[in-house]
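*Asks:* Structural data only, the sequence is not supplied:
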């Protein structure tokens, strides 16, 4: 297993649309394990393949609490098929936008159709943190970042900050 480097804002790959996963083989299984290890190492509770530079429609999530056993979940080719009328607000962060958090309003419940790591069709009904995390990570697969759900003024400030940081990393 290998920890993959995480891509940071303003890298344009984060705005790419991810393509469906078509092959379920040993290479995919190895990549799933790498993603889980990378998510835990970060540390984070969700990671989309695009965040490690692979534009494939897959993500991993683990919303288990600190006192609970790890419970990694794999979602391949996830599709948001329904969302509830209720709304929840969570302070979101992102491994691709480190140390920046903002309150984001999203549907409180969602239904996601997806494949598991073996290619078997699944339907997940989620609420609370899992629902928020699924929406956040599925957004990544569509080239959308959580900062796209906040005010333009705040978003522009974050983009400027990370663009400046990226320039200093390149020249250092």
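*Replies:* Happy to help now that I have it. In this text, all values refer to a predicted model and were calculated from it rather than measured experimentally. Residues are numbered from 1 along each chain as shown.
*Asks:* okay, CA-based contacts and neighbour counts for the rest of this
*Replies:* Fine.
*Asks:* what comes up buried for the worst-scoring helix or strand of the chain on mean pLDDT?
*Replies:* In the chain, no helix or strand scores lower on mean pLDDT, DSSP states H and E than helix 152-171, which sits at a mean of 89. Buried positions in helix 152-171, judged by neighbour count with 16 or more other CA atoms under 10 Å: 158, 162, 163, 166.
*Asks:* cool, and stretch 72-89?
*Replies:* By neighbour count with 16+ other CA under 10 Å, stretch 72-89 contains the buried residues 72, 74, 75, 76, 77, 78, 79, 83, 88.
*Asks:* Show the backbone phi and psi for the fourth one.
*Replies:* For residue 76, the backbone dihedrals are phi -110, psi 130 (criterion: degrees, to the nearest 10).
*Asks:* Any idea what it is bridged to?
*Replies:* Per DSSP bridges, residues listed as beta-bridge partners of residue 76: residue 58, residue 115.
*Asks:* Which parts of this protein are helices?
*Replies:* According to DSSP state H, the chain carries its helices in the segments 26-41, 128-141, 152-171.
*Asks:* Next, the contact list for residue 37, please.
*Replies:* Residue 37 sits next to 1, 2, 3 when contact means CA atoms under 8 Å, 6 or more residues apart in numbering.
*Asks:* need the contact list for the last one.
*Replies:* Which is residue 3. By CA under 8 Å, 6+ apart, the residues touching residue 3 are 34, 35, 37, 38, 41.
*Asks:* And the pLDDT for it?
*Replies:* Per-residue confidence (pLDDT) for residue 3: 97.
*Asks:* ok, so what distance separates the spatially most central residue of the chain from residue 165?
*Replies:* In the chain, the residue lying closest to the centroid (CA atoms, centre = their mean) is residue 137, at 2.9 Å. Taking CA to CA, to the nearest Å as the criterion, residue 137 is separated from residue 165 by 24 Å.
*Asks:* Any chance of TSV for the helices of the chain, columns distance to residue 97?
*Replies:* Below are these laid out as TSV (distance: least, CA to CA, whole Å):
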stretch	distance to residue 97
helix 26-41	14
helix 128-141	12
helix 152-171	8
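*Asks:* closest one to residue 65 among those?
*Replies:* With distances scored as CA to CA, the stretch of the helices of the chain nearest to residue 65 is helix 128-141 (10.8 Å).
*Asks:* Identify each buried residue in the closest one, please.
*Replies:* When neighbours are counted by 16+ other CA under 10 Å, the buried residues of helix 128-141 are found to be 129-141.
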